[in-house]
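> The following block contains a protein sequence and its predicted model.
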Amino acid sequence: MSEPNLFRMTDSLADRTFSFAPAETPPLSPSPAGRGGGGGGGSGRGFERKVRSVSDSFGPQLSAGKGSGGGSYRGGDGGDGDPAAAVQMPLPGPKKAISQRQFFRPVSMSSSVFNESPIPDILRRRLAGEVRHGLSQAEFAVRRDGKLLLATVGLPARGKTYIAQSIKRHMDWFGLRTEIFNAGNYRRKFPEGRNASADLFDPLNAEGAKLRQHCAELALNDALDSLASEEQGVYIAVLDATNTTKERRAWIRDTVEAHEGHVKLVCVETVLTDEKKVWDNVKEAKLKSPDYTGMTPEEAMEDFFKRIAAYKSVYEPCQQEEGIPFIRLTNAGEQVLGFKTQGFLCARIMQLIDSLRLSLRPILLTRCGECEFEAQGRIGGDSRLTPVGHLYAEALARGLLQGRKRYGILPVVWTSTRLRARQTVIGLQSAVNDANEEAIAEGGGSEDGGEDQGNGGGAGGAGGDGRRGKGSGSLLRDLDVLEVSALDEIDAGALEGMYAEDFAKHYPEQHKKRVADKLNVKFPDGENYRDVFARLESLLLEMVAEPQPVVVVAHLAVLRVIYGYLKGVEPAQCPHLKIPMHCVVQLNPKGYGYEEWRHYPLMDNEIDEEQPTRRVTS
Ligand SMILES: Nc1ncnc2c1ncn2[C@@H]1O[C@H](COP(=O)(O)OP(=O)(O)O)[C@@H](O)[C@H]1O
Ligand SMILES: O=P(O)(O)OC[C@H]1O[C@@](CO)(OP(=O)(O)O)[C@@H](O)[C@@H]1O
């Protein structure tokens, strides 16, 4: 798969070493909260640093030009260089001694300066909330092509509901409200449709066929009404039913055409030819269906396969001659085919369903270790880790390596380009190297070689065993660390580096607006949560499709979006999600979503997928 916005860890990082000096390891105590808290000490105590040239550190940021002239200093000390040198770089005018506090307070933060300063008019208007944002690309597409009615097509247990839910969570983030109308739920409202056995789905059962058609009508009418209703604001409705015959699809087409409103019908068909995978799907998603309350798993399994056989006897795959646009997904990740699917929304949906996989492997999310700005209560920036942050980086490395013993394969690591993120992962490779050296010293074998043979029970068929074939073949390979700018923290624009309390104090109106609606209100000259989603979108699809476990080392706002997206949290709720510092959130795919575990490596020292430390049930 192509990786347009993935960058391998740059050599420049490899150039710089951050090695721990155990003798100077600082005590493990929470860093003082509040400004100038000294959580980091700023001296790099406890680790050695090889400093990159100042021009390296600042070149791209300065040339980006954002905020220069306006006096907004982006990125704190701008990199890992000497902070004193960093101070001098972006300041216009004569060089003079300037305190850290002054330097990091953007000029625009002092209200008197704000009123008089030559900050661009556009920024002034944004601060005042006067700038209107036009239609998003998605809204534009809907205006042009109409709203969408998606009709799922396929035999039972082919992932139709799963796909419908994936489309919903994705499109909701685009601001295109999506609703699912599941025919099975309508059926279960009727006494004769509840606890239905396979007989109800037999095409020769006239009563059953009538009930199912009636339920499909109710669902379709509600779907079309929701699209027509201004009040409901639905842009995409999914009719989640089997829709396995040409006759049924022709009826849907005719009904859509007869209904008021500008609605485009697209069928989304899913085909799964591997019977073993169908079996897994039934086991995973169907046995707990309300249809089978009171039945044993064996009885439910048997009945569900009879139901599948009933639908198979009449199934007609979508064909071009029907004249209805369709997207067909075959064998999850194998093939996606589109017929008459031009347009932004269909392209997005095709890309999305192409990323869906059946293999189960976890995604682990962690914020960077504590950094200096964090400890001082400042927004954004690019500061380095505090001593406590370094301890977390060490604990994370140890924990991941321990967990790997049971899991059997090393994860890939994706990190933002911010210094604190890179410092958080830098110890991982050293931990891998140490483990290899230990293994060699102990005779060339791996201490956990035996457990690897099964390729990780929980990995569910994830590819690659994370080892390179040298010596006994049991050494860990180099860690795959990808540095991705899409994972950088939300851009606080003109407020980068500001003390959070100053934002509230000097810009109470803007602050209030943002707190009330972080999803849509941007930082002045910066981003909102929707912007973060927009830049994360293709990475999220890569993440879902990734065949190895992924560890994401990033920042609070970015992780809220990733977590919220994967767990299907309403976008408006995401900016309020709690993702604590020094915690690894593990998401294991399960059923239609992800099961969640939380690890605290500083306390527990081990990240163990089989016996995770704290399960999150809510
Ligand atoms: N693209 C896909 N093709 C087939 N099965 C899938 C796909 N994506 C997810 N699944 C699996 O489908 C199961 C859910 O099936 P479900 O969506 O209820 O089937 P249906 O709605 O077709 O009866 C889950 O176990 C999920 O892992
Ligand atoms: O209208 P049809 O095509 O029968 O499709 C709806 C039927 O599909 C099923 C097939 O199992 O959907 P679901 O699995 O989503 O619950 C039935 O529950 C539901 O009654």
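It's in. In this text the structure is predicted, and so the values were computed from the model without any measurement. Ligands and ions are numbered 1, 2, ... in the order given.

> all contacts plus neighbour counts: C-alpha atoms, from now on.
OK.

> where does the stretch 1-150 of the chain dip in pLDDT?
The model of the stretch 1-150 of the chain has pLDDT under 70 over residues 1-133.

> For it, which residues are neighbours of ligand 2?
By Cα under 6 Å from any ligand atom, no residue of the stretch 1-150 of the chain approaches ligand 2.

> Show me what residue of the stretch 1-150 of the chain gets nearest to ligand 1.
In the stretch 1-150 of the chain, the residue found nearest to ligand 1 is Leu150; the distance is 13.7 Å by Cα to the nearest ligand atom.

> Now that residue. Its backbone dihedrals?
phi -100, psi 130 (degrees, to the nearest 10).

> That one: what's it in contact with?
Ile236, Ala237, Val238, Leu239, Leu265, Val266, Cys267, Val268 (Cα atoms under 8 Å, 6 or more residues apart in numbering).

> And for Gly154?
By Cα under 8 Å, 6+ apart, the contact list for Gly154 reads Lys160, Thr242, Asn243, Thr244, Glu269, Thr270, Val271, Tyr315, Pro317.

> same question, Ala492
Ile379, Gly380, Phe523, Pro524, Asp525, Gly526, Glu527.

> partner residues bridging the residue of the stretch 1-150 of the chain closest to ligand 1?
Note on Leu150: beta-bridge partners Val238, Val266, judged by DSSP bridges.

> Alpha carbons of stretch 256-274, as PDB, please.
Extracted in PDB, the C-alpha atoms of stretch 256-274 (Å, rounded to 0.1, in the frame of the first residue of the first chain):
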ATOM      1  CA  VAL A 256     -35.700   6.500  -4.100                       C
ATOM      2  CA  GLU A 257     -36.600   8.000  -7.400                       C
ATOM      3  CA  ALA A 258     -40.200   8.500  -6.400                       C
ATOM      4  CA  HIS A 259     -39.100  10.200  -3.100                       C
ATOM      5  CA  GLU A 260     -38.600  13.900  -2.900                       C
ATOM      6  CA  GLY A 261     -35.100  15.300  -2.600                       C
ATOM      7  CA  HIS A 262     -31.800  15.000  -4.400                       C
ATOM      8  CA  VAL A 263     -30.700  11.500  -3.300                       C
ATOM      9  CA  LYS A 264     -28.100   9.200  -5.000                       C
ATOM     10  CA  LEU A 265     -28.500   5.500  -4.500                       C
ATOM     11  CA  VAL A 266     -25.400   3.400  -4.200                       C
ATOM     12  CA  CYS A 267     -25.300  -0.300  -3.400                       C
ATOM     13  CA  VAL A 268     -22.400  -1.500  -1.200                       C
ATOM     14  CA  GLU A 269     -21.900  -5.200  -1.700                       C
ATOM     15  CA  THR A 270     -19.600  -7.400   0.400                       C
ATOM     16  CA  VAL A 271     -18.500 -10.900  -0.700                       C
ATOM     17  CA  LEU A 272     -16.600 -13.300   1.500                       C
ATOM     18  CA  THR A 273     -15.700 -16.600  -0.200                       C
ATOM     19  CA  ASP A 274     -13.600 -18.200   2.600                       C
END
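
> before we move on, the earlier item: nearest to ligand 2 among the contacts of Leu150?
Leu239 (9.3 Å).

> Can you report how many residues neighbour the residue lying closest to Arg188 once chain neighbours are set aside?
Nearest non-adjacent residue to Arg188, counting by Cα to Cα, 6 or more residues apart in numbering: Arg194, 4.5 Å away. By other Cα atoms under 10 Å, the residues close to Arg194 number 17.

> is it true that Arg194 touches Asp291?
Yes. Using Cα atoms under 8 Å, Arg194 is in contact with Asp291, at 6.3 Å.

> How is Asn243 assigned, secondary-structure-wise?
What DSSP: H, G, I helix; E, B strand; the rest coil gives for Asn243 is coil.

> ok, it - contacts?
Asn243 makes contact with Ala151, Thr152, Val153, Gly154, Arg249 under the criterion Cα under 8 Å, 6+ apart.

> Can you tell me which of the residues you listed is closest to Tyr563?
Thr152 (26.6 Å; Cα to Cα).

> Okay, now the unreliable bits of the protein?
For the chain, applying pLDDT under 70 flags the ranges 1-133, 403-409, 443-478, 604-618.

> next one: phi and psi at the residue nearest to Arg188?
Here is the backbone geometry of Arg194 (degrees, to the nearest 10): phi -80, psi 150.

> on that earlier part again, please report which of the contacts of Gly154 has the highest neighbour count.
Busiest of these [other Cα under 10 Å] is Glu269, holding 27 neighbours.
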